[in-house]
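Enquirer: next input, structure requested:
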Amino acid sequence: MYEGTAPSRRAFLRTTAAAGLGTAASGLALSACTGPPRRAEAAPAGRAPSTPATTPSGGGRTSNGYGHTDADYTRTGLRRGAIQQWEDGFRTHARNDDPNVFEWWYSDFTGDDGTVVSFTLSTRLDDGFVPEPGEAGRAPKAAVTVTDPDGTSHGGVHRYGWQEFTSAENRCAVRLGPFTFAGDLKSYRMRGRSGDVGVDLTLSSTVRPFRPGTGVLYFGDTGHSFGWLCAVPSGTATGTVTVNGRTRAFAGHGYHDHNWGDRPFPYGVEHWRWGRGSVGPYAVIGADLHLREEYGAGTVPVFVVDDTKSGERLVGAYDPRTVTAHESAPKAHPDADYPRDYFSKVRWTYHHGGDRADFTFTDTDQLIVSRRYLLHPTQAQKTALTRLGIDEIWYTRYATTNDLTLRLADAHASGKGTGTLEAAQFGLGSAPAKDGHTSPPSA
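Expert: I've put the predicted structure just below:
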């Protein structure tokens, strides 16, 4: 979903298969079922999610949850059951002059040899993570890193001017300085070189794209929204990477998603957890967005399970009545500067009719990225933080071990794998204190 700007650590190379399915699962038990796999899609047509999603009277539009009604699809110009190329185009082009608007195209790759590549093109320096960003924050950036199998990272963040940015509105075709990111929902190519790092990679999807309903979440009746499209939940990757003038072949797996919004996250989101990993042939995505009290203090979950061998989607759920996420196991944060404990385990549980699935991400203490935002806030930002009751804003990502259990009509499986788990914390009030309990923020 999001990659921080701090360099990746060696842990990412050895323990994560989140960018693909190159790591074999230990102890994977499979039970074959006859007949074609059945696609489990939560929140189907005519079935509204439970609270916190609400529909204003007369409008039929969903708020505080991903849209799923006919009115939601009309509002967003989307088609039910079909994802179109323009959805991966420049979604905020008409509002790009507004500093509060943000958008990014993200992809990561894990090579068969342990090389890890992260490739992100963004329209904002802080990607909507800070309130009152002002005109100073309204600049495009590229975050491109190549991490060698021995853990050495190369590259980083590059800031550019708007004269160096172009993006199509009808498809994914983004150019920023020397970098390009283009594709058609089935195949993508990421190219470019800056300083000591260059990439030329092609990502070919092995499963179909995913979005939860419309993929757009509106906050209350404000008209402000956040959008997410998972264009390539899992795919194969080939090409080359260049480090310090030396080019080498790359082969492995990858992922691509697209995020955008028109108001910084701190105004509507308390925190989120998001993870991605693999167990044998299964690729799993779990998300859990926690909204602020003024938007119902609800959760907005997502749970996706794809069989990458058959290309079938076994679960694609986002209804709070069928998907829950539970954070547990508070312990000291691996970044000594982080002032609280954190929940080191998140378990997603899915139930729909007779179908059941459980997926647990457990942190390995191997930190990939840790970043605190707003070390030196402006006066406008200080005022906003005080009004919102936010003390500190953090983003962290960890390498994880994964446990999966599937009990579906057409697929039974259990096993272990690896992945990554991230936390975006907009204020520490919902983070566990040292005694394992949450407490109000100190702002």
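
Enquirer: which of the helices or strands spans C230?
Expert: Per DSSP states H and E: C230 is located in strand 225-243.

Enquirer: counting contacts, what elements does that strand pack onto?
Expert: strand 102-111, strand 187-194, strand 197-205, strand 216-218, strand 246-261, strand 282-291, strand 299-307 (3 or more Cβ pairs under 8 Å, 6 or more residues apart in numbering; DSSP states H and E). Quick note: C-beta positions are derived from backbone N, CA and C, even for glycine.

Enquirer: OK, contacts around the nearest residue to D148 once chain neighbours are set aside?
Expert: By the measure of Cβ to Cβ, 6 or more residues apart in numbering, the closest residue to D148 outside its immediate chain neighbours is T115, 6.3 Å from it. Residues near T115 by Cβ atoms under 8 Å, 6 or more residues apart in numbering: 13, 109, 146-149, 241, 250, 252.

Enquirer: out of the helices and strands packed on strand 225-243, which comes closest to A433?
Expert: strand 282-291 (17.2 Å; Cβ to Cβ).

Enquirer: number of residues surrounding P99?
Expert: Neighbour count of P99, defined by other Cβ atoms under 10 Å: 16.

Enquirer: and the pLDDT at it?
Expert: pLDDT, P99: 98.

Enquirer: same deal with A433?
Expert: pLDDT at A433 comes out at 86.

Enquirer: mean confidence for the host helix or strand of H271?
Expert: In the assignment (DSSP H and E), H271 maps to strand 269-279. Mean pLDDT, strand 269-279: 95.

Enquirer: can you give me the buried ones in the strand holding C230?
Expert: Under the neighbour-count criterion of 16 or more other Cβ atoms under 10 Å, strand 225-243 has 225-239, 241-243 buried.

Enquirer: quick revisit: a markdown table for the helices and strands packed on strand 225-243, including mean neighbour count and mean pLDDT?
Expert: Output for these, formatted as a markdown table (neighbours: other Cβ atoms under 10 Å; pLDDT from 0 to 100):
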| stretch | mean neighbour count | mean pLDDT |
| --- | --- | --- |
| strand 102-111 | 26 | 95 |
| strand 187-194 | 18 | 97 |
| strand 197-205 | 21 | 98 |
| strand 216-218 | 25 | 97 |
| strand 246-261 | 20 | 96 |
| strand 282-291 | 25 | 97 |
| strand 299-307 | 25 | 97 |
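
Enquirer: and A182, how many residues sit next to it?
Expert: For A182, using other Cβ under 10 Å, the count is 18.

Enquirer: ok, it - contacts?
Expert: Applying Cβ under 8 Å, 6+ apart, we find A182 in contact with 171-174, 188-189.

Enquirer: and the longest helix along the chain, how far from the chain's centre?
Expert: In the chain, assigned by DSSP state H, the helix with the most residues is helix 379-388. Mean-position distance between helix 379-388 and its chain equals 27 Å (Cα atoms, centre = their mean, to the nearest Å).

Enquirer: contacts for that helix next, please.
Expert: 130-132, 134, 266-267, 292, 374, 377, 391, 427, 443.

Enquirer: if we use 7 Å, what do you get?
Expert: With Cβ atoms under 7 Å, 6 or more residues apart in numbering as the test, helix 379-388 has contacts from 130-132, 134, 266, 374, 377, 443.

Enquirer: after that helix, next one along is what?
Expert: Next along the chain from helix 379-388, counting by DSSP H and E, comes strand 393-408.

Enquirer: name the strands paired with that following strand and say parallel or antiparallel.
Expert: Looking at strand 393-408 with DSSP bridges, its partner strands are strand 355-373 (antiparallel), strand 411-426 (antiparallel).

Enquirer: report pLDDT for Y373.
Expert: Value listed for Y373 in the pLDDT field: 97.

Enquirer: and what of S153?
Expert: As predicted, S153 sits at a pLDDT of 88.

Enquirer: doesn't S328 lie inside a strand?
Expert: Yes. Counting by DSSP: H, G, I helix; E, B strand; the rest coil, S328 is located in a strand.

Enquirer: ok, it touching K345?
Expert: Yes. Taking Cβ atoms under 7 Å as the definition, S328 is a contact partner of K345 at 4.9 Å.

Enquirer: more neighbours, those two?
Expert: Using other Cβ under 10 Å as the criterion, S328 and K345 rank with K345 on top: 18 against 13.

Enquirer: what's across from the more buried one in the sheet?
Expert: S328, T362.

Enquirer: tell me the spacing between it and H158.
Expert: From K345 over to H158 the distance is 35 Å, taken as Cβ to Cβ, to the nearest Å.

Enquirer: now Y106
Expert: Note on Y106: its distance to H158, by Cβ to Cβ, is 15 Å.

Enquirer: any idea of the mean pLDDT for the longest helix of the chain?
Expert: pLDDT averaged over helix 379-388 gives 98.

Enquirer: what are the buried residues along it?
Expert: Neighbour counts using 16+ other Cβ under 10 Å place 381, 384-385, 388 of helix 379-388 among the buried residues.
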